[in-house]
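1. Provided below are the primary sequence and the corresponding predicted coordinates.
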Amino acid sequence: MKILFAARENAWGGFLGLLKDGLPQHEFAATGRFGFDNLKGFDVLIPTMSVMNREHLAGSDRLQLIQQCGAGLEAVDLQAAAEMQVRVANVPTDISGNADSVAELGIYMMIGLSRDTRKMASCLAGRQMGVPQGRALSGKTVGIIGLGGIGRALARRLKAFDVHLIGIKRHDPQKAKGELALEWAGTPEDMEEFLGRSDYVVLCLPLTTASRHMMGRHAFDMMKGDSMLINLSRGDWLTGAPWRMPWPRGRSAAPGLDVFWEEPPDLAGPIFRYNVMATPHVGGVTDVSIRGILRAVAENIRRLAAGQDLLHLKA
């Protein structure tokens, strides 16, 4: 079979090379970017961060499977794929180690922003010792939006930091409250109370039509002035205006961002003038998660070649 990887060949820790090593009987190609020009001749597409719409599907001649190397399928037209009998599968975050890796990055950002890593580097370079004063996590309230695989992994790890945990979940938040021993849980209709209580707001919710652009200026108005926002999910969670304009007046804490409204982001943009802690979409790029994702993707390709049932189908 021929498999197309819609990214640079060395993206995500050399994922494609590892996949090739595990499946030497198949033919692989990389597009060199997030996108592709032509799907003709390919049996499998690994879309990574590329858009996959009805027009793309119509231009394929033998595509059987769209296999994501992660959980995110918001850029794939699932309805069109189902109509054209192209199967779509992903790798759930909680089976690969990805959720654990992303949760660890979230804690790294919380501590980095609280201790002001940029200022520390500046002080050390200027031979100033004993500054800046940091902010401890202990006793603070961490609000997690989205209590799926990543949100749950984050909540479990944060208990060791003696924080107060609260959360937002669209369906049955009280069940999640009990399972994760949260102090409070609500639905998106309770966002004003949630944001007003949180010292840290961590976005862990998958991107859907319901969640898209949830965190706009209206949300910033409901947050504490010194609360910290950390985005571990998708860039479109955030409306464009707060990120393409100066940081909202009265906000003393800049965000932690692993995902962006456009990728790669324009580092000359206004938001990067502030104490942003930014990472290049590497939340799930660890030795553990890459191995877990690799196993799941390779298994589905093997199953497809053997005519067996596929795992984790979404369409």
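-> Ah, there it is.

2. helices of this structure, start to end?
-> 11-22, 54-58, 78-83, 93-96, 98-115, 117-125, 149-158, 173-180, 191-197, 217-222, 241-244, 287-306 (DSSP state H).

3. for the second one, list the C-alpha coordinates in PDB.
-> Taking Å, rounded to 0.1, in the frame of the first residue of the first chain, the C-alpha atoms of helix 54-58 are listed here in PDB:
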ATOM      1  CA  ARG A  54     -14.900  16.900   0.300                       C
ATOM      2  CA  GLU A  55     -13.000  18.200  -2.700                       C
ATOM      3  CA  HIS A  56      -9.800  16.400  -1.600                       C
ATOM      4  CA  LEU A  57     -11.700  13.200  -1.200                       C
ATOM      5  CA  ALA A  58     -13.300  13.500  -4.600                       C
END
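
4. show me what that helix is packed up against.
-> helix 78-83 (3 or more C-beta pairs under 8 Å, 6 or more residues apart in numbering; DSSP states H and E). C-beta here means a position set from N, CA and C on the backbone, and glycine is covered the same way.

5. over to the fourth one?
-> For helix 93-96, the contact count by 3+ C-beta pairs under 8 Å, 6+ apart identifies helix 149-158, helix 287-306 as packing neighbours.

6. show me what it is in contact with.
-> 70-71, 99, 102, 148-150, 152-153, 284, 289, 292-293, 295-296 (C-beta atoms under 8 Å, 6 or more residues apart in numbering).

7. OK, contacts around P255?
-> Taking C-beta under 8 Å, 6+ apart, one finds 113, 228-231, 271, 276-277 in contact with P255.

8. OK, contacts around the closest residue to W261 other than its chain neighbours?
-> In this structure, W261 finds its nearest non-sequential neighbour in G235, 4.4 Å apart by C-beta to C-beta, 6 or more residues apart in numbering. Taking C-beta under 8 Å, 6+ apart, we find G235 in contact with 259-263.

9. scan those and report the most crowded one.
-> Neighbour counts for these, by other C-beta atoms under 10 Å, peak at V259, which reaches 23 neighbours.

10. if I look at the closest residue to that residue other than its chain neighbours, how far off is L257?
-> In this structure, V259 finds its nearest non-sequential neighbour in G235, 4.6 Å apart by C-beta to C-beta, 6+ apart. Plainly put, G235 is 8 Å away from L257 if you go by C-beta to C-beta, to the nearest Å.

11. can you lay out the helices and strands packed on helix 93-96 as CSV showing mean neighbour count, mean pLDDT and distance to V76?
-> Formatted as CSV, the helices and strands packed on helix 93-96 follow (neighbours: other C-beta atoms under 10 Å; pLDDT from 0 to 100; distance: least, C-beta to C-beta, whole Å):
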stretch, mean neighbour count, mean pLDDT, distance to V76
helix 149-158, 23, 96, 19
helix 287-306, 18, 96, 15
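
12. so which of these gets nearest A29?
-> A29 lies closest, by C-beta to C-beta, to one member of the helices and strands packed on helix 93-96: helix 287-306, at 14.2 Å.

13. can you tell me which of the contacts of P255 are in strands?
-> Among the contacts of P255, the members falling in strands are 228-231, 277 (criterion: DSSP state E).

14. pretty sure P280 sits against L267.
-> No - in this structure, P280 is not within contact of L267 by C-beta atoms under 8 Å, at 10.7 Å.
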